[in-house]
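Peer 1: The following comprises the amino acid sequence and a computationally predicted model.
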Amino acid sequence: MEKNVSRATPDPTPTWRHPSVVANHKARTFRSLVFAGLCVACVLAVMIPLGDMLYMFAYRGIQVISIARLTGNPISATPGIGNAITGTAILTALSGAMAIPLGILGGVYMAEFSKGGRFSEALRFCADVLAGVPSIVLGYVCFLAFVVYFNFGYSAMAASIALAIVMFPYVFRTTEIAIRRVPESIKEGAIALGSTKTTMINRLVLRFAMPGILTGVLLALGISLSETAPLLYTANFANYNPTSLFHSQLGYLTGVIYLFYTSNLSFDVQLSYLATFVLIMIVVALNVVARLGLKRFSKV
Amino acid sequence: MMNERRETQGAVAASAQGFAPKAPGEMMRLVDFSAYYGSLEVLKHINLSILQNKVTVFMGPSGCGKSTLVRTLNRMNDSVPGFKTSGKVLLQGEDIYGPEVDPVLLKMRVGMVFQKPNPFPISIYDNVAFGPKIHKMTKSRSEMDAIVKDSLQKAALWEEVKDRLGKSAWGLSGGQQQRLCIARALAVRPEVLLMDEPASALDPGSTAKIEELMVELKENYTVVLVTHNMQQAARVGTNVAFLYKGDLVEFGPAADVFENPKSPLTEKYIRGSL
Amino acid sequence: MPRLMDLGMERLTNLLLEMGKLSEQTVATAMVAYRTGKSLQEVNKWSVQLKQLDDQVSDMCIELIARFQPVASDLRYIKASLEISYGFYRYGRYAHDIMEVLDTFGDLTTCNPEVVDAAAEKTKEMIRMSIEAFADQDVDLAKKITNLDDYVDNAYRDYIRSLMKSRKVNLRCALSTTLILRYLERIADHAVYIGRSVIFIVKGEEPSD
């Protein structure tokens, strides 16, 4: 018996009412909700411990905070982290002064002046590798080079150089990327008005790329604030302010956190918490300042 | 109109001779000019005369070389790797590819407006003042104010922006941005204004304004227009050049080219059957 | 692949060819009426039809211009179409006028048909040539039309001169023949104009006289 296949019987229900389609839709909606829920859960899994941690540091930090604590040093009558704050400030300023201009100029060179040849490729590769080298290794190298060989001794200078090396690749790379994102049409417009390349860069390109560059600078500063190991190798740690940039040790906040946490003296531990709190506040302040600065640039 | 026809025909004849002396009323001339990207010849032995205070239009299908041609007039192609030229491009009798001509100063004499409006992300005032500032054309703020106002008036934009010169240029509409770019180019007081498809990214109303502007501008400047819109070439052009695959196929007064073209290739192109 | 405008252009051409055939027919029929003395009302009907076709051509040309912004040979063709359409309409109109002469003057078979017949033959030849020159876009044929025009012009003028010289004149025949010759002469002129329009389409310039 032949199978009688009937064709062309018109289907009365529209496609969006077919039971299989409806069931599929229900399943897809459910899966979407599950996925969204998982994302939210992951975020909470990170944010809650983080919040808890911040709260703890704030709580313990505020317990001991006072002007005396912030200006004195660990060996004064009221133990404080004044020298650590000063030390961190010196290191950040010095390393920033070295790394930021070099990084920006390097990024400008890579984006505007290099011809894309093997030299530029090699340069970029080196910078990327440098970013990945553990900072402790860099610290040790700087120890051998500057503390010993060039005979700076344990010093702010040696430590700043180490920090600068850590910071440089970040500023370098983000500057190049930020400048590359400036639309070609803007640069063409400037050239067509008779601008030389340098004028165009100074007046227009940097202005346009400033948000990106600033992000890189912030990133670098944040990294330099958080380094401990290379500083220990190059500047050791002192409880007083340095007397010179060479052959004079200094204190720094991360050092306080590391060294004092395991101390037997109770107020040393408290200083450790205070240093943590202060460091977090500095990083927060840095970000706030950066956001305000970015807003000002975007408004123009 | 008839005088313009005769002028053009005289200039066309003169340029065909190649090395004839500067014809009267002539602003720029291409003499046996060819251009290459590496080994690819993109412009082939062009002989062409651009008359002063007229609108000269380059038209042709995509890839015919019209954009390349207009960018050689102010040496914008210099930065393209592998770009070579042969022949001469004369501006008021002087070869702009000659050794004595500074490409940067050339751009003050031959300005350019691009297809997509490209105002800088700074204020309207600063945009227009950019050129005069970098060339140190003014000594005082009031001189600069005068230049900015004059340029914006010439670009038919002054009335619309005079109360918000300090606001960002990126807040303007597309048509306004393009007129701002025109004002910016005019601020350095060029002799020639090159316009590379200036209205192709704009809506019809803004396009019409730009076209009116072009016809007005020719009173004080020499305008060279590149367009792929034939009707625009017909409306705006005094003289029209038709380019095809790097060759200059036909060049003459607009009325002649659009009513009775000499070359069958031109005829095919403008009737839309190319 | 044909352009959007080509459909309209083809329709325009067909309209004109239709007008050509119809106007040729109208003139020929009018001359038959003259010879046989019978008034043929078709002539009037066709003359009205030709006017309508002329209006259609005019509308089509305006539409093509408004919609397609034609240039070069397309633009010249449209300009020439307006002129040629008018010419064909005039053929019909003058044929209608000849019929009116017959209606006014009655049976003209008693008059000497020699002059009219000769002029009519040449005129009909010129009409045929004008239609063919347009259909084939034939410049040489178009130029030849002018050569025949002199004959018809002279036929008209010579007849009037002979009338003025003769003593005895049959007023009825004289007037009607004069009028008909006049109309034939005008038809011949329009044939020349049509030839000129054809040359304009192909060459792009008016032929210098």
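Peer 2: All right, it came through fine. Numbers count the residues shown, from 1 in each chain, chains lettered A, B, ... in the order given.
Peer 1: Run a quick neighbour tally on B:Val31.
Peer 2: 19 (other C-beta atoms under 10 Å in any protein chain shown). Just so you know, the C-beta spots here come from the backbone N, C-alpha and C atoms, and that holds for glycine as well.
Peer 1: To clarify, my last question referred to A:Ala285.
Peer 2: When neighbours are defined as other C-beta under 10 Å, A:Ala285 has 10 of them.
Peer 1: Give the closest residue to residue 104 in space, chain neighbours not counted.
Peer 2: Defaulting to chain A. Nearest-residue entry for A:Ile104: A:Thr175, 5.0 Å, with adjacent residues in sequence omitted and distances by C-beta to C-beta, 6 or more residues apart in numbering or on different chains.
Peer 1: nope, chain C
Peer 2: Nearest to C:Thr104 is C:Ser176, by C-beta to C-beta, 6+ apart, at 7.9 Å.
Peer 1: Could you double-check that B:Thr266 sits in contact with B:Phe251?
Peer 2: No: here B:Thr266 does not reach B:Phe251: they are 9.8 Å apart, not a contact under C-beta atoms under 8 Å.
Peer 1: Spell out which residues are contacts of both of those two.
Peer 2: Listed as contacting both B:Thr266 and B:Phe251 by C-beta atoms under 8 Å, 6 or more residues apart in numbering or on different chains are B:Phe242.
Peer 1: any idea how far A:Val283 is from chain B?
Peer 2: 30 Å (C-beta to the nearest C-beta, to the nearest Å).
Peer 1: With C:Thr110 instead?
Peer 2: Taking C-beta to the nearest C-beta, one finds C:Thr110 at 55 Å from chain B.
Peer 1: Double-check that that residue belongs to a strand.
Peer 2: No: counting by DSSP: H, G, I helix; E, B strand; the rest coil, C:Thr110 is located in no strand; its state is coil.
Peer 1: Need the per-residue pLDDT for it.
Peer 2: What the model reports as pLDDT for C:Thr110 is 85.
Peer 1: Let me know how buried it is, in neighbour terms.
Peer 2: Count around C:Thr110 with other C-beta under 10 Å applied: 11.
Peer 1: For it, give me its contacts.
Peer 2: Residues near C:Thr110 by C-beta under 8 Å, 6+ apart: C:Cys173.
Peer 1: Could I get the full set of helices for chain B?
Peer 2: Using DSSP state H, the helices found in chain B span residues B:2-17, B:66-72, B:103-109, B:124-134, B:141-154, B:158-161, B:174-186, B:204-217, B:230-236, B:254-259, B:264-271.
Peer 1: ok, A:Tyr240 touching A:Asn73?
Peer 2: Yes: the criterion here is C-beta under 8 Å, and A:Tyr240 meets it with A:Asn73 at 5.8 Å.
Peer 1: where does the residue lying closest to B:Thr72 once chain neighbours are set aside sit relative to chain A, distance-wise?
Peer 2: Closest residue to B:Thr72 apart from its sequence neighbours, by C-beta to C-beta, 6+ apart: B:Ala35 at 5.9 Å. Distance of B:Ala35 to chain A, computed by C-beta to the nearest C-beta: 18 Å.
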